[in-house]
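**Q** For reference, the sequence and a predicted model appear below.
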Amino acid sequence: MNISNDDKVSKPAVYHCVKCKNHCPNPLKLPSCGHIICGPIGEKNATCCAVILLKTVNTAKCPKCPNKLAKSTKLEDLEPVIKPQVSSGKGSTAEIQPKNQGASDEFEATASSSPPPPKPTREKTEFTTDIRDDCRMKIIVIGETGTGKSTFCNILAGEEHDSHLFPTSAASTSCTQVTRFAQSFFMGDQGKPIDIIDTIGFNDPTNENDAFIIADLVAKLNKNCDYINVVAIILNGTRARFERSLIGMLRIFHEMFNKDTFWHHVILIFTHMGMDKDSVDKRKNANKGNSDDERLEDYIGVLAEQFSNAKGASYLTIDCLWNKDNADEKEAFVNSMNELWDRIQKAKRLTTKNVTEVEISNEKLQKMIAEEVGKLEEQMQKKDKEHAAELKEIKETLRMEMVVLLKIQIK
């Protein structure tokens with residue numbers, strides 16, 4: 001079948017920042033050279049590469065070329081690459097509002113004359129080894145094996161629940177075998193860039209295997225991640241009870257970060273809970289008339305007995321296997337994901353620079369952490385040498401080009 005030019009759909013251009021090397025949701029052009037740098041996203045101005053660069057404007061220059069910025073350079077002097085759409089009568093883009101106060105993922109335009117809006121462009125997730133200074137909200141996902149951690153990561157990235165992006169398994173062994181950093185977009189929306197830190201599922205922090213898991217995580221957070229915004233703890237809502245392995249896992253993470261602020265960043269995600277009316281009613285009957293919220297708040301109360309700062313901890317119920325043909329489940333899922341994004345946006349930064357100072361009595365674990373940190377430091381030193389050699393080559397190329405230009409001018 002022949003397709004006319006009018007029927008062809010062009011893919012949106014992808015721009016990468018010369019400073020952080022990542023995809024730019026809001027790309028800006030640097031003056032003179034025109035190289036691309038990350039611009040602010042919403043109200044997160046302080047975290048974008050452009051603002052960081054302009055803070056050192058007296059010595060600031062393009063990260064890719066010798067072009068220096070004028071001392072008077074301001075953020076508004078940087079030209080946006082993607083021009084905003086302006087509403088101006090017929091054919092303009094209408095403001096989009098969700099139906100029923102966010103209860104559905106179907107949208108309608110407030111201007112009846114406008115055509116239905118296109119769905120957000122779904123961006124791909126890319127795995128990387130370093131997520132420092134990339135201007136994204138960062139969410140670390142932890143949980144015991146079998147709680148649905150990888151399934152949740154797939155949903156978070158806008159994939160199907162059983163996507164191979166974050167492999168899932170019905171077996172008792174974890175599919176994730178190493179801590180991974182994924183530069184992604186919340187629910188696939190290019191306007192919501194996030195980093196997903198996918199950790200290895202574990203069951204007992206005292207055994208040798210789980211000791212390696214913790215050592216791997218601590219080393220990577222310390223060396224390749226500068227901060228996190230949200231700690232998502234995945235729990236199976238159908239068997240929400242405290243076991244020794246869970247308490248041990250939470251105690252490790254509680255020790256890793258600032259004890260006074262850690263729980264402000266935690267969101268307990270209860271999975272495996274069908275939200276159709278029959279499932280909700282069955283759970284209520286099985287729990288002596290207590291609703292899901294009442295039961296989970298009791299759970300938080302027990303948690304606070306173990307960790308005093310956990311009182312009032314945040315939680316959400318998210319059924320990643322929700323039935324798309326069921327209106328109740330659809331509404332519950334959309335509302336929960338909207339609430340999750342709202343909490344991610346509001347979350348402050350929790351630094352990871354001191355995670356190696358975690359007080360762990362297990363001497364073997366301490367040794368493993370030191371070994372993993374040492375390996376990462378060696379890798380980083382090797383990359384620094386490679387970058388230095390590459391920079392030297394670029395400078396030599398520029399010098400030769402300048403010599404050629406001078407010769408031409410002299411002639």
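**A** The structure has been received and is ready for your questions. Residues are numbered from 1 along each chain as shown.

**Q** Would you double-check that Val184 falls in a strand?
**A** You called it Val, but residue 184 is Ser. Yes. Assessed by DSSP: H, G, I helix; E, B strand; the rest coil, Ser184 belongs to a strand.

**Q** domain assignment for the protein?
**A** Domain assignment for the chain by automatic domain parsing gives 27-80, 126-275+305-321+345-369.

**Q** For Ala389, find the nearest of those domains.
**A** Nearest of the domains of the chain to Ala389, taken as Cβ to Cβ: domain 27-80 at 16.5 Å. Yep, even glycine has a C-beta here, placed from its N, CA and C like the rest.

**Q** chain center to the closest one, what's the gap?
**A** 23 Å (Cα atoms, centre = their mean, to the nearest Å).

**Q** what's the span of it from first residue to last?
**A** 6 Å (Cα to Cα, to the nearest Å).

**Q** residues contacting the residue lying closest to Asp328 once chain neighbours are set aside?
**A** In space, Asp328 comes closest to Asp276 once its chain neighbours are excluded; the distance is 4.9 Å by Cβ to Cβ, 6 or more residues apart in numbering. Residues counted as contacts of Asp276 (Cβ atoms under 8 Å, 6 or more residues apart in numbering) are 323, 326, 328-329.

**Q** what's the distance between Asp276 and Arg283?
**A** Distance check for Asp276 against Arg283: by Cβ to Cβ, to the nearest Å, it reads 11 Å.

**Q** Could you do His35 as well?
**A** 56 Å.

**Q** again, but for Met249
**A** Look at Met249 and Arg283: by Cβ to Cβ, they are 25 Å apart.

**Q** who's more crowded, the two?
**A** More neighbours surround Met249 than the other of Met249 and Arg283, with 23 against 17 (other Cβ atoms under 10 Å).

**Q** what's the spacing between the more buried one and Cys49?
**A** Using Cβ to Cβ, Met249 is found at 35 Å from Cys49.

**Q** Next: Asn67.
**A** 15 Å.

**Q** Would you mind telling me which of those two has the busier surroundings?
**A** The residue with more neighbours, out of Asn67 and Cys49, is Cys49; 24 against 15, by other Cβ under 10 Å.

**Q** circling back: and of the domains of the chain, who's closest to Glu390?
**A** Distance to Glu390, taken as Cβ to Cβ, is lowest for domain 27-80 among the domains of the chain, at 11.7 Å.

**Q** Please work out the average pLDDT along that closest one.
**A** Within the predicted structure, the mean pLDDT of domain 27-80 is 75.

**Q** do the same with stretch 227-243
**A** What stretch 227-243 shows for mean pLDDT is 84.

**Q** In stretch 239-255, which residues are buried?
**A** Residues 240, 245-246, 248-250, 252-254 are the ones in stretch 239-255 that count as buried (16 or more other Cβ atoms under 10 Å).

**Q** try stretch 333-353
**A** Applying 16+ other Cβ under 10 Å to stretch 333-353 flags 333-338, 340-341, 343-345, 347, 350, 352 as buried.

**Q** Which members of those occur in strands, if any?
**A** The strands, defined by DSSP state E, take in Leu350 from the buried residues of stretch 333-353.

**Q** of the buried residues of stretch 333-353, the lowest pLDDT goes to which?
**A** Scoring the buried residues of stretch 333-353 by pLDDT puts Thr352 last, at 85.

**Q** need the contact list for that one.
**A** With Cβ under 8 Å, 6+ apart, Thr352 has these contacts: 221-222, 225-228, 257.

**Q** Export the domains of the chain as JSON lines, with columns for distance to Lys392.
**A** Output for the domains of the chain, formatted as JSON lines (distance: least, Cβ to Cβ, whole Å):
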{"stretch": "domain 27-80", "distance to Lys392": "14"}
{"stretch": "domain 126-275+305-321+345-369", "distance to Lys392": "22"}
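
**Q** Please identify the deepest-packed of the ones you listed.
**A** domain 126-275+305-321+345-369 (a mean of 19; mean count of other Cβ atoms under 10 Å).

**Q** what's the next secondary structure element after the helix or strand hosting Ile269?
**A** Assigned by DSSP states H and E, Ile269 belongs to strand 266-271. Downstream of strand 266-271, the next assigned helix or strand under DSSP H and E is helix 277-286.

**Q** circling back: so for the strand holding Ile269, mean pLDDT?
**A** Averaged across strand 266-271, the pLDDT comes to 92.

**Q** Please identify which helix or strand holds Arg399.
**A** Using DSSP H and E, Arg399 sits in helix 363-410.

**Q** any idea which helix or strand comes after the helix or strand hosting Ile213?
**A** Here Ile213 sits within helix 208-224, counting by DSSP H and E. Reading on from helix 208-224 to the C-terminus, the next helix or strand found by DSSP H and E is strand 227-228.
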